[in-house]
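Engineer: fold the following, please.
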Amino acid sequence: MVAILFILFAGLAIGCAVSMVAQRNPLYSAISLIGVFISLACLYVTLAAPFIAAVQVIVYAGAIMVLVVFVIMLLNVEQADPGPLRMRSLVPIAIGLAAVLFAEAVFFIFFVHASPATPTRNISDVGLTSSIGASLFTSYLLPFEITSILLLMAVVGAMTLARRGGLLPASAAVVPGDQVFSRELLDRREVGDLTAVATHSTAEAADLLGVEKESSSD
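Structural biologist: Numbers count the residues shown, from 1 in each chain. Predicted structure coming up:
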């Protein structure tokens, strides 16, 4: 039963991978990649590694793919137009590499599984949640804490760099350059005069508003 599920999810992963490469719409490719990640998580479950399967779904199919889809939608990447096929010599190379990969998969599935030296029982508990948790908080506690501190430092550094370029002093005056004023706004003595006064640069707008030149920028 496990072997049948393994073959089923492996075929699903391959199909989603082919769909990801064949799609011309980047959003559909990202959705196909999510299918690959979920299929790999199911393969990890069949290999008695539930913790790795959960991390695969939460981190890759969840957080990372949400970021990828967000970037695709933010950049508004449109569907690629089919153009002329370039580097035709790479097509037979790709077919040959795919054949080698398929041959390796066949070798591992049939020959290694049928070998008398292959153990038939579960000899490792590396993928179990209990063993990973015990290792993280006993033998590898110091590297785990150092990694968390490095991630915290990266977050604080990113926030510092992002704020450094965007802060202005309290005395700064930001004057948009290309805009239209009314004479009533520029001179309070001319109340009711809505004649338009257009400016085409920051310097012109600063002069009309009476802003010091040191505070304005072109």
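Engineer: and the pLDDT for residue 158?
Structural biologist: On pLDDT, residue 158 comes in at 81.
Engineer: residues near it, how many?
Structural biologist: A count of nearby residues for residue 158, using other C-beta atoms under 10 Å, gives 10. Bear in mind the C-beta positions are built from the backbone N, C-alpha and C, glycine included.
Engineer: how far away is it from residue 66?
Structural biologist: In this view, residue 158 and residue 66 are 18 Å apart by C-beta to C-beta, to the nearest Å.
Engineer: for residue 159, same thing?
Structural biologist: 21 Å.
Engineer: burial count for the residue lying closest to residue 60 once chain neighbours are set aside?
Structural biologist: Excluding its sequence neighbours, the residue lying closest to residue 60 (C-beta to C-beta, 6 or more residues apart in numbering) is residue 37, at 4.7 Å. By other C-beta under 10 Å, 18 other residues sit near residue 37.
Engineer: would you agree residue 37 is in contact with residue 58?
Structural biologist: No: applying C-beta atoms under 8 Å, one finds residue 37 not in contact with residue 58, separated by 10.4 Å.
Engineer: so what are the domain limits for this protein?
Structural biologist: 1-77, 178-213 (automatic domain parsing).
Engineer: mean confidence for stretch 74-89?
Structural biologist: 64.
Engineer: now do the end-to-end distance for that stretch.
Structural biologist: With C-alpha to C-alpha, to the nearest Å as the measure, the ends of stretch 74-89 fall 35 Å from one another.
Engineer: please identify the helix or strand for the residue nearest to residue 60.
Structural biologist: helix 26-46 (DSSP states H and E).
Engineer: picking that back up, can you flag the weakest of the domains of the chain by average pLDDT?
Structural biologist: domain 178-213 - the lowest mean pLDDT of these, at a mean of 65.
Engineer: which residues in this structure form helices?
Structural biologist: Secondary structure of the chain (DSSP state H): helices located at 2-22, 26-46, 50-55, 65-75, 90-106, 113-114, 129-136, 141-164, 183-186, 202-209.
Engineer: which other helices and strands does the second one contact?
Structural biologist: So the one you mean is helix 26-46. helix 2-22, helix 50-55, helix 65-75 (3 or more C-beta pairs under 8 Å, 6 or more residues apart in numbering; DSSP states H and E).
Engineer: deepest of those helices, which one?
Structural biologist: Each of those was scored by mean neighbour count; the highest is helix 50-55, a mean of 16, by mean count of other C-beta atoms under 10 Å.
Engineer: contacting residues around it?
Structural biologist: 41-42, 44-45, 127-129, 132 (C-beta atoms under 8 Å, 6 or more residues apart in numbering).
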